[in-house]
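Asks: everything below, folded, please.
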Amino acid sequence: MKFNVLTLFPEMFSALNESIIGRGKEKGLIDINLINIRDFSKDKHKKVDDTPYGGGAGMVMNPTVVYDAYKSIKDKNTKVIYMSPQGKTLDQQIVQDLAKEENITLLCGHYEGIDQRVIDEIVDEEISIGDYVLTGGELPAMVLIDSVSRYVEGVLKEGSVEEESFSNGLLEYPQYTRPEIFLNKKVPDVLLSGHHENIKKWRREQALINTYNKRPDLLKEIELSNEDKKMISDYKILKEGGKK
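Replies: Numbers count the residues shown, from 1 in each chain. Sure, this is the predicted structure:
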């Protein structure tokens, strides 16, 4: 998968050279093409912004510079996403849908934003990572690249994303590793039993409990089996101090 990134601060993306995404790049599974918007400024001081028409605080990125940077992308068969707090909130479904693309271009704004005319001309979709405002689109772009890249075949071990939080509508169950006892707390016996069916049932139960405690809103969005409903009901009774 190829990501083109239109940005004023390409050096920020060095973080993507590390860990799993860095290894994906080394294997040639992920290609991140950083395009410095400032390189396309015709101003002798490489200025890329100007005061907004109508007045107001801050500066607005020049549409010509942004457009020329976009035109430098050789592969025009690319989905252009503007990282903007006004966009749809990034979630797991959007991530999985984007992972089906072969070429994605991310436009990172700065200052008070980008001239609307170039957004209307080149942007296919606006995406936000939350209802708050950052100083620029670089961090959101890195979040999107990281989340989408994990679904590129070969980046993670096969099956790694199948039971993660949000992959099936629920939060993930708790994870444990060695040592078996830590600070006098023992790994749950079921995980040491080797009984795969009981482990599967326990993990489902823990995922339901985790979701009920942390994100109960998610339970309204998925279809629960009668067994799931009984697990939640039994947990509620125990939590309230009653008996099954």
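Asks: residue 150 contacts residue 156, doesn't it?
Replies: Yes: in this structure residue 150 lies within contact range of residue 156 using C-beta atoms under 8 Å: 5.6 Å. Backbone N, C-alpha and C define where each C-beta goes, glycine included.
Asks: okay, and the common contacts of those two?
Replies: residue 20 (C-beta atoms under 8 Å, 6 or more residues apart in numbering).
Asks: in terms of secondary structure, what does the lengthiest strand in the chain contact?
Replies: Within the chain, and with DSSP state E defining each element, the longest strand by residue count is strand 79-89. Under the contact definition 3 or more C-beta pairs under 8 Å, 6 or more residues apart in numbering; DSSP states H and E, strand 79-89 sits against strand 103-108, strand 125-128, helix 138-149.
Asks: using PDB, list the CA coordinates for the helix or strand just after that strand.
Replies: The first helix or strand that comes after strand 79-89 along the chain, using DSSP states H and E, is helix 92-98. Extracted in PDB, the C-alpha atoms of helix 92-98 (Å, rounded to 0.1, in the frame of the first residue of the first chain):
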ATOM      1  CA  GLN A  92     -12.400   0.600  12.900                       C
ATOM      2  CA  GLN A  93     -14.900   0.200  10.000                       C
ATOM      3  CA  ILE A  94     -13.300   3.200   8.200                       C
ATOM      4  CA  VAL A  95      -9.800   1.800   8.800                       C
ATOM      5  CA  GLN A  96     -10.800  -1.600   7.300                       C
ATOM      6  CA  ASP A  97     -12.400   0.100   4.300                       C
ATOM      7  CA  LEU A  98      -9.300   2.200   3.700                       C
END
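Asks: how far away from the center of its chain is helix 92-98?
Replies: In this view, helix 92-98 has its centroid 9 Å away from the chain centroid, taken as C-alpha atoms, centre = their mean, to the nearest Å.
Asks: show residues contacting that helix.
Replies: Contacts of helix 92-98 from elsewhere in the structure, counted by C-beta under 8 Å, 6+ apart, are 79, 88, 104, 127, 144, 147-148, 151, 166-167.
Asks: list the buried residues of that helix.
Replies: Of the residues in helix 92-98, those with enough neighbours to count as buried (16 or more other C-beta atoms under 10 Å) are 92, 94-95, 98.
Asks: likewise for stretch 95-111?
Replies: Along stretch 95-111, the positions that meet the burial threshold by neighbour count (16+ other C-beta under 10 Å) are 95, 98-99, 103-111.
Asks: domain-wise, how is this structure divided?
Replies: Domains of the chain are assigned by automatic domain parsing as 2-149, 181-239.
Asks: so for the shortest one, mean pLDDT?
Replies: For domain 181-239, the mean pLDDT works out to 96.
Asks: name all residues that make contact with the closest residue to residue 125 other than its chain neighbours.
Replies: The shortest distance from residue 125 to any residue other than its chain neighbours is 5.2 Å, reached at residue 81 (C-beta to C-beta, 6 or more residues apart in numbering). The neighbourhood of residue 81, defined by C-beta under 8 Å, 6+ apart, consists of 87, 104-107, 123-127, 144.
Asks: ditto for residue 239
Replies: Contacts here follow C-beta under 8 Å, 6+ apart; on that basis residue 239 touches nothing.
Asks: what distance do you get for residue 216 to residue 170?
Replies: Residue 216 is 11 Å from residue 170, where distance means C-beta to C-beta, to the nearest Å.
Asks: test my guess that residue 208 contacts residue 233.
Replies: No: with contact defined as C-beta under 8 Å, residue 208 does not reach residue 233; the gap is 10.4 Å.
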